[in-house]
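>>> Just to be clear, the model below is a prediction. Sequence and coordinates:
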Amino acid sequence: MGTQGANRSLRPSFGRGQSWDGRSLRSDRHCPPRLINFPRDDRDLLSLDGTLEPHAPMILPWVIDPVLIGTLLTLGVAYGLLAGPLRSRLEGSVPATRMQITLFTSGLLVAFLTEASPLHELSERYLFSAHMVQHLLLSYVVAPLLIAGTPGWMVRPLAKNRIVGPVFLALTRPLIAFIVFSLAFTLWHLPMVYEAALISPFVHHLQHVIFLALAVLIWWPVMSPLPEIPRSGYGVQVFYLAALPLGQFFVAAILTFAPESFYPTYQAASRILPMSAAADQQLGGVIMKIASFIAFGIPLVVAFLRWFGGDRSSPATRPSAH
């Protein structure tokens with residue numbers, strides 16, 4: 001018997017009005033469609049628990065979301081106007097450097113690839129670990145690029161605003177930024193909240209906007225381009241950067257050592273890789289910890305060397321801060 005015959009012999013027979021697992025379709029009519037897997041062709045195979053399960057699509061689509069495109073275009077156009085025609089109206093403005101423009105543009109590009117490439121479809125429908133990569137790109141790549149690419153004089157009007165300025169100053173103090181980011185990060189990974197983001201596009205967009213905004217807060221004490229809301233001293237930066245990964249430790253430990261997946265969407269998803277939903281979740285927890293140690297460890301070493309080397313100048317007074 002050939003391979004196709006062998007594959008056909010593995011499939012259960014089912015009659016009219018029955019799903020592939022032998023249950024009546026009428027009794028399944030209230031179940032979400034993704035929970036009923038129908039065999040499609042000879043690509044069907046046995047899943048890790050021994051049941052028949054179809055492959056996910058071999059080619060995942062790009063997601064051209066008008067909200068995403070509009071937001072990124074708005075940020076890009078605003079940056080271009082502030083760096084160009086409107087620059088003379090802002091206090092203390094100087095031409096943006098080529099490096100700053102490149103970094104800001106790179107941040108927008110990485111944000112687009114994170115949200116519009118097949119990584120989005122992979123993370124939303126199939127793999128928790130891919131979703132973790134998506135969140136970490138926003139927090140550890142996009143946010144630092146946007147801050148590094150923004151001249152201080154561009155955000156000075158916000159810092160001098162009587163309402164925005166004091167609030168932003170308070171939220172970017174190292175201890176407050178650490179608490180807010182760690183608490184929000186934990187809450188978003190609660191199963192009920194996380195599932196809401198997977199089911200609702202609005203909540204999903206909100207989740208990613210919040211992650212990006214919180215990432216700006218946690219990186220500001222280390223990367224601030226604005227003397228009015230300055231970077232912390234190097235000694236404070238060392239302890240702050242060492243503490244940031246600890247704020248995620250509790251969530252990462254639970255995800256890594258949990259014997260079962262917490263999220264129904266990933267439990268019900270077709271297995272796009274040869275691992276269970278629990279193993280995928282554990283991989284996501286490992287990625288979370290390794291990424292945080294790398295992202296915060298590199299600037300920690302830099303801050304420590306400058307602190308240990310006796311550099312007592314304020315980081316905010318350096319040329320990169322203007």
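Yep, that arrived. Numbering: from 1, shown residues only.
>>> neighbours around Pro144, how many?
20 (other CB atoms under 10 Å). Any C-beta I mention is one placed from the backbone N, CA and C, and that applies to glycine too.
>>> How much space separates it from Ala269?
For Pro144, the distance to Ala269 (CB to CB, to the nearest Å) stands at 31 Å.
>>> Give the rounded mean pLDDT of stretch 158-178.
The average of the pLDDT scores along stretch 158-178 is 93.
>>> buried stuff in that stretch?
Ala159, Gly165, Phe168, Leu171, Thr172, Arg173, Pro174, Ala177, Phe178 (16 or more other CB atoms under 10 Å).
>>> so what's the fourth one closest to, chain neighbours aside?
In this case it means Leu171. Excluding the flanking residues, the one nearest Leu171 by CB to CB, 6 or more residues apart in numbering is Leu217, at 5.4 Å.
>>> same question, the third one
If the residues on either side of it in the chain are set aside, Phe168 comes closest to Ile229, at 6.2 Å by CB to CB, 6+ apart.
>>> what about that neighbour, which SS state?
Secondary structure assignment for Ile229 (DSSP: H, G, I helix; E, B strand; the rest coil): coil.
>>> quick one: Ala196 is in a strand?
No. Counting by three-state DSSP, Ala196 is not part of a strand but helix.
>>> what residues are up against it?
Val203 (CB atoms under 8 Å, 6 or more residues apart in numbering).
>>> how about 10 Å then?
Residues near Ala196 by CB atoms under 10 Å, 6 or more residues apart in numbering: Trp188, Leu190, Phe202, Val203, His204, Leu206, Gln207.
>>> One more: Pro191?
By CB under 10 Å, 6+ apart, the residues touching Pro191 are Ser261, Phe262, Tyr263, Pro264.
>>> Val142 now?
Applying CB under 10 Å, 6+ apart to Val142 gives the contacts 106-115, 136, 208, 211-212, 215-216.
>>> what about the residue positioned nearest the centre of the chain, which SS state?
Centrality entry for the chain: nearest residue to the mean C-alpha point is His135, 1.1 Å, by CA atoms, centre = their mean. Secondary structure, three-state DSSP: His135 is helix.
>>> among the contacts of Ala196, which ones are buried?
Buried among the contacts of Ala196 by 16+ other CB under 10 Å: Trp188, His204, Gln207.
>>> Can you name every helix or strand that the one helix or strand Val180 maps to contacts?
Using DSSP states H and E, Val180 sits in helix 174-188. Using 3 or more CB pairs under 10 Å, 6 or more residues apart in numbering; DSSP states H and E as the contact test, the elements touching helix 174-188 are helix 164-171, helix 191-199, helix 201-223, helix 234-243, helix 249-257.
>>> Next, give me the two most distant ones among the contacts of Ala196.
Greatest spatial distance among those (CB to CB): Leu190 and Phe202, at 18.2 Å.
>>> Would you quantify the distance from Gln282 to Ala143?
26 Å.
>>> Mind checking which of the two has more residues around it?
Ala143 (24 against 20).
>>> how near is Trp62 to His120?
According to CB to CB, Trp62 and His120 sit 8 Å apart.
>>> shared neighbours, those two?
With CB under 10 Å, 6+ apart as the test, Trp62 and His120 both reach Leu113.
>>> Tell me which of these two has more neighbours.
Neighbour count, other CB under 10 Å: between Trp62 and His120, His120 has more, with 23 against 12.
>>> who are the neighbours in contact with that one?
Contacts of His120 (CB under 10 Å, 6+ apart): 60-63, 65, 68, 113-114, 130-131, 134, 204, 208.
>>> cool, and Leu60?
Per CB under 10 Å, 6+ apart, neighbours of Leu60: Ser117, Pro118, Leu119, His120, Glu121, Leu122, Arg125, Tyr126, Ile272.
>>> Looking at those, which one is closest to Ser88?
Distances from Ser88 to the contacts of Leu60, taken by CB to CB, are shortest for Ser117, at 38.1 Å.
>>> In space, what's closest to the closest one - neighbours in sequence excluded?
What sits nearest to Ser117 in space, not counting adjacent residues and going by CB to CB, 6+ apart, is Trp62, at 6.2 Å.
>>> one step back: which one (most neighbours) among the contacts of Pro191?
Going by other CB under 10 Å, Ser261 tops these with 22 neighbours.
>>> what bits of the stretch 201-322 of the chain have low per-residue confidence?
311-322 (pLDDT under 70).
>>> what's the spacing between Thr186 and Val193?
Counting by CB to CB, the gap from Thr186 to Val193 is 10 Å.
>>> That concludes my questions; thank you for your assistance.
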